[in-house]
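K.L.:
sequence first, predicted coordinates after that:
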Amino acid sequence: MQIRGLSTLLCRTSRRLSSRNYASLAFASVHPNEISGQHPADVKNLVGGKWSGSSKFDTLVDPLNGQNFIKVPNTSQSEVQPFIASLQSCPKSGLHNPLKNLERYLLYGDVSAKVANALRHPKLADYFARLIQRVSPKSYAQAEGEVMVTQKFFENFSGDQVRFLARSFTVPGNHLGQQSIGLRWPYGPVTIITPFNFPLEIPALQLMGALYMGNKPLLKVDSKVSIVMEQMLRLLHDCGMPLEDVDFLNSDGPVMNHVLVEAEPKMTLFTGSSRVAEKLAGDLKGRIKLEDAGFDWKILGPDVQQVDYVSWVCDQDAYACSGQKCSAQSILFMHENWTKAGVVDKLKTLAKRRKLEDLTVGPVLTVTTKRILDHIESLLKIPGSKIAFGGKPLSNHTIPEIYGAVEPTAVYVPLKEILKAKNFDLVTTEIFGPFQVITEYKTAELHLVLEACEKMHAHLTAAVVSNDVHFLQEVLGNTVNGTTYAGIRARTTGAPQNHWFGPCGDPRGAGIGTPEAIKLVWSAHREIIQDVGPVGSGWKTPPCT
Ligand SMILES: NC(=O)c1ccc[n+]([C@@H]2O[C@H](COP(=O)([O-])OP(=O)(O)OC[C@H]3O[C@@H](n4cnc5c(N)ncnc54)[C@H](O)[C@@H]3O)[C@@H](O)[C@H]2O)c1
């Protein structure tokens, strides 16, 4: 009965939505091109199915001109009780699981299909790309790419694909009537915390993974960019997601920390800096999975080929989105054959093409100009270090001082100096901006490169640029990064929906995007051993053992 009722509802909703024209953007409460100092936008919280404000608001400044342009709730500790209560209202067995409310697997397959179709509409894709650009300035191609990955993800989990995520298995038991059934079980109340740099892709993909597996999530996106996810939630509601399924909180970090400690969610997914990740791992007593900082390396192997192509990939990896991708190339180990082939000059030429007008370089949202320049100065004190290119603040701009504005920069540091204990932490500090360290090695020094990779703490993405199979074997066999590209076309960035993205080498490491990532992060294994008999007619009580 329940399922028939639901399918009638889905059919009706499908008919209604197929005639809906997303060119009208009826679901949206803001328009990216209209947000300005004169017409600031308002972001809302969502709890228990109702949109609401808070007693205090933060006013965000436009990263490109410093105008006050968005008001975001700065929810205080005294206002978070409804969020805690809403989380605690969800049982540990979740909103659905393989033995409860099965129709919700179908509901989410249907919601995903509708969102995927909606995002195919050029006007809607443009809407989200422009909204991303307003709060996290990056080139249109990069912002559009984020929307496309999100659209494909929704397509991937349309129809029956949500219930396939919860596929179980059985193993025959010891006697008739006995079998063990392995199930993917939700955690129930869960929280998701995401950073500023991918305002749509990271929260949308993790949120949907949590929902697909039967959890009830409270979502907290960095307030600087939460307007994008607020609008995405409105689109999800428009496409049939029940209003009460997701709560959405805008607050500072400490208030969210308080919610976590009070509400005790059964699982938290944190994407952001390692500093906050480690604090939360302690506060939550390990009930957390992490996608934290990336100090991502690329090794150019001894076989030089396709120099222009490889140089272009290096430029994109280090400087697209102004280096504000967790997968951005942080250090480049160049075999001497590549330096002889002029790769550094090519990188310099490519980096010079980047300009503020088209946002191929732009504001750095979490590192100030001073901090970046101070870091460069500290590196230059290391013997043999030098600026390869860049190293100056951007000129002729109106980026406010709270943000960073520097040219795409590379600092050369000799390999042997990098490895010295007094320099290593400094050289491998993640600067979340258009900045990388470059260095050179000879064939006989590959072990030093591998030693550097071994000593690093974050193992997110990496690239081994070579088609020399034995070289690849040696490097891949002795390293751990969770998303490692290998081959002459290898890159460090590019986290599409079609492959796993996440760190390795840490039992708390999470993933994003693929069925494996969703199952690992958002469900636990439960085994039900059915033993229904019959008991043999000749059974007698045996001696005790
Ligand atoms: N591994 C990945 O997939 C991935 C993806 C994107 C970014 N990152 C990393 O994120 C970092 C950049 O983002 P950031 O500087 O905004 O990170 P951040 O750690 O400062 O903030 C991330 C989120 O955590 C919240 N937060 C801060 N303190 C908190 C607390 N005590 N309790 C609960 N929530 C808290 C913030 O409000 C924000 O929403 C970089 O280190 C980058 O490498 C990693």
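P.N.:
Received it, and whenever you're ready, just let me know what you need.
K.L.:
convert the C-alpha atoms of stretch 340-353 to CSV, please.
P.N.:
Written as CSV, here are the backbone C-alpha positions of stretch 340-353 (Å, rounded to 0.1, in the frame of the first residue of the first chain):
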residue,chain,number,x,y,z
LYS,A,340,66.9,20.8,-19.3
ALA,A,341,63.9,20.7,-21.5
GLY,A,342,62.8,24.1,-20.2
VAL,A,343,59.8,23.2,-18.2
VAL,A,344,60.2,26.0,-15.7
ASP,A,345,60.3,28.7,-18.4
LYS,A,346,57.2,27.2,-19.9
LEU,A,347,55.5,27.3,-16.6
LYS,A,348,56.5,30.9,-16.1
THR,A,349,55.0,31.8,-19.5
LEU,A,350,51.8,29.9,-18.8
ALA,A,351,51.4,31.5,-15.3
LYS,A,352,51.8,35.0,-16.9
ARG,A,353,48.7,34.5,-19.0
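K.L.:
what does that stretch contact?
P.N.:
Contacts to stretch 340-353, defined as C-beta atoms under 8 Å, 6 or more residues apart in numbering, come from residues 300, 304, 307-308, 310-312, 314-315, 318-319, 334, 360, 388-390, 407-408, 410, 412, 438. C-beta coordinates here come from the backbone N, C-alpha and C atoms, glycine included.
K.L.:
using the three-state scheme, assign the spatially most central residue of the chain.
P.N.:
When C-alpha atoms, centre = their mean is applied to the chain, the residue found nearest the centroid is Ile202 (3.7 Å). Secondary structure assignment for Ile202 (DSSP: H, G, I helix; E, B strand; the rest coil): helix.
K.L.:
thought it was touching Leu269?
P.N.:
No - taking contacts as C-beta atoms under 8 Å, Ile202 lies outside contact range of Leu269: 9.7 Å.
K.L.:
just the buried ones among the contacts of stretch 340-353, please.
P.N.:
The neighbour count (16 or more other C-beta atoms under 10 Å) marks 300, 304, 310-311, 314-315, 318-319, 334, 360, 388-390, 407-408, 410, 412, 438 as buried among the contacts of stretch 340-353.
K.L.:
just those: which are in helices?
P.N.:
Judged by DSSP state H, those include 310-311, 314-315, 318-319 as members of helices.
K.L.:
how about these in CSV, adding pLDDT and distance to Leu350?
P.N.:
Formatted as CSV, these follow (pLDDT from 0 to 100; distance: C-beta to C-beta, whole Å):
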residue, pLDDT, distance to Leu350
Val310, 98, 11
Ser311, 98, 6
Cys314, 98, 8
Asp315, 98, 4
Ala318, 98, 10
Tyr319, 98, 8
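K.L.:
please enumerate the strands of the stretch 1-150 of the chain.
P.N.:
41-42, 45-47, 50-52, 57-61, 68-73 (DSSP state E, counting those that start in this stretch).
K.L.:
quick one, the fourth one and strand 68-73 angle?
P.N.:
Between the direction of strand 57-61 and that of strand 68-73, the angle (axes from the mean of the first three to the mean of the last three C-alpha atoms, to 10 degrees) works out to 150 degrees.
K.L.:
which residues touch strand 57-61?
P.N.:
40, 67-74, 135, 223-224, 400, 402.
K.L.:
what about it, average pLDDT?
P.N.:
If you average the pLDDT over strand 57-61, you get 97.
K.L.:
picking up where we left off before, what subset of the contacts of stretch 340-353 is also close to the ligand?
P.N.:
By C-beta under 6 Å from any ligand atom, no member of the contacts of stretch 340-353 lies near the ligand.
K.L.:
domain map for this structure?
P.N.:
Structurally, the chain divides into domains by the TED database as follows: 22-292+512-525, 296-486.
K.L.:
dump those domains into TSV; add distance to His499 as well.
P.N.:
Formatted as TSV, the domains of the chain follow (distance: least, C-beta to C-beta, whole Å):
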stretch	distance to His499
domain 22-292+512-525	7
domain 296-486	7
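K.L.:
out of those domains, which comes closest to Lys540?
P.N.:
For Lys540, the closest of those is domain 22-292+512-525, at 16.0 Å, according to C-beta to C-beta.
K.L.:
how about the residues of the stretch 101-250 of the chain by the ligand?
P.N.:
Contacts of the stretch 101-250 of the chain with the ligand, taken as C-beta under 6 Å from any ligand atom, map to 193-197, 220, 222.
K.L.:
which pair of those spans the longest distance?
P.N.:
Spatially, the most separated pair among those is Asn197 and Lys220, at 15.3 Å (C-beta to C-beta).
K.L.:
these two: which is more packed in?
P.N.:
Using other C-beta atoms under 10 Å as the criterion, Asn197 and Lys220 rank with Lys220 on top: 28 against 25.
K.L.:
that one should be in a strand, yeah?
P.N.:
Yes - under three-state DSSP, Lys220 sits within a strand.
K.L.:
do I have it right that it meets Met256?
P.N.:
Yes - the criterion here is C-beta under 8 Å, and Lys220 meets it with Met256 at 5.0 Å.
K.L.:
what touches both of the two?
P.N.:
193, 249.
K.L.:
ok so, going back, show me just the buried residues among the residues of the stretch 101-250 of the chain next to the ligand.
P.N.:
193-197, 220, 222.
K.L.:
just give me the closest of those to Asp245.
P.N.:
Nearest to Asp245 out of those is Lys220 (C-beta to C-beta; 15.9 Å).
K.L.:
residues contacting that closest one?
P.N.:
Lys220 makes contact with 191-194, 248-251, 256, according to C-beta under 8 Å, 6+ apart.
K.L.:
from Asn257, how far off is it?
P.N.:
Distance, Lys220 to Asn257, by C-beta to C-beta, to the nearest Å: 10 Å.
K.L.:
could you do Asn481 as well?
P.N.:
Asn481 is 29 Å from Asn257, where distance means C-beta to C-beta.
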